[in-house]
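Student: got a structure for you, letters missing:
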Ligand SMILES: [Zn+2]
């Protein structure tokens, strides 16, 4: 799933390649992806892209006051196309293509644009056409952005204070902090040398400061690594930059221990026992419950 660094990089890429260009057409192929009815999709035709920004994991193309906003969900991706002039029309229900956005032809007759695609059978990719980004429920309820200058150790302290949630769950909660998902929460906790099962309210002031530093450094590094990469290369870069997430059974770069996995909520998390849990493997609660 694209998280804050990937969406930030996509936003930067589109700022460079799409801003200032006119939208020729928006074709919605997967009808279930479109979550709004007014303004209609057709209202974007002929309008200039004036800005691109990110809200948590949402990508927002401002088309002169009408916003084309997407959440790529678990299997979604944005693919930049240098020339869509020869692209065939696509019938709904076939393949991963969900939405195609064509921009007006350039001097060379090429029609650049982008496609939103979604792999897998669970279709969760969402597109909203709105006048105000806050009309998107997931955006209105977002917590602070961890890359914003006013995200300080003090603001993190206010966010975790009193929460009886495990820190892994809290970091992933978009209403608490915007943009961190399953992969980067694993990475942040590894960088902070902290157990994912630690209860948020039990963190000391020093641990909160360490966690804050780990959040900001991990996300900034990931954004910096992705900067300048074409949209199609971002996925590979994300994978190669991860130190624990998705690396079960591999060696921890920091200490040489073997990275382990344990089930958590609707998926699983990865961690290094030596770096994060005093060398002790975490108990798989879901498994032990089943065995009782
Ligand atoms: Zn380690």
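Tutor: Structure received. All figures in this text were calculated on a predicted structure; none of them were measured in a lab. Residues are numbered from 1 along each chain as shown.
Student: for the chain, which spans come out with low pLDDT?
Tutor: 228-232, 234-235, 286-292 (pLDDT under 70).
Student: all strands of it, in order?
Tutor: 23-28, 51-55, 58-63, 66-71, 76-81, 97-103, 113-118, 126-130, 260-264, 267-271 (DSSP state E).
Student: can you redo those as a markdown table with distance to the ion and mean neighbour count?
Tutor: Placement of C-beta: from N, CA and C, glycine included. A markdown table is the format used below for these (distance: least, Cβ to the ion, whole Å; neighbours: other Cβ atoms under 10 Å):
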| stretch | distance to the ion | mean neighbour count |
| --- | --- | --- |
| strand 23-28 | 46 | 19 |
| strand 51-55 | 31 | 19 |
| strand 58-63 | 33 | 22 |
| strand 66-71 | 33 | 22 |
| strand 76-81 | 31 | 20 |
| strand 97-103 | 39 | 23 |
| strand 113-118 | 34 | 23 |
| strand 126-130 | 37 | 21 |
| strand 260-264 | 10 | 19 |
| strand 267-271 | 9 | 21 |
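Student: so can I have CSV of these showing distance to residue 240?
Tutor: Shown next, in CSV, are those (distance: least, Cβ to Cβ, whole Å):
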stretch, distance to residue 240
strand 23-28, 33
strand 51-55, 22
strand 58-63, 23
strand 66-71, 25
strand 76-81, 17
strand 97-103, 27
strand 113-118, 21
strand 126-130, 28
strand 260-264, 19
strand 267-271, 15
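Student: who in this protein is up against the ion?
Tutor: Applying Cβ under 5 Å from the ion, one finds that the chain approaches the ion through 252, 254, 255, 257, 272, 274, 275.
Student: hmm, who's touching the top helix by length along the chain?
Tutor: When the chain is parsed with DSSP state H, its longest helix is helix 205-226. Residues from elsewhere that reach helix 205-226 (Cβ atoms under 8 Å, 6 or more residues apart in numbering): 4-6, 8-9, 146-147, 151-153, 156-157, 160, 167, 171, 177, 179-180, 184, 187-189, 191-194, 203, 234, 237-238, 241.
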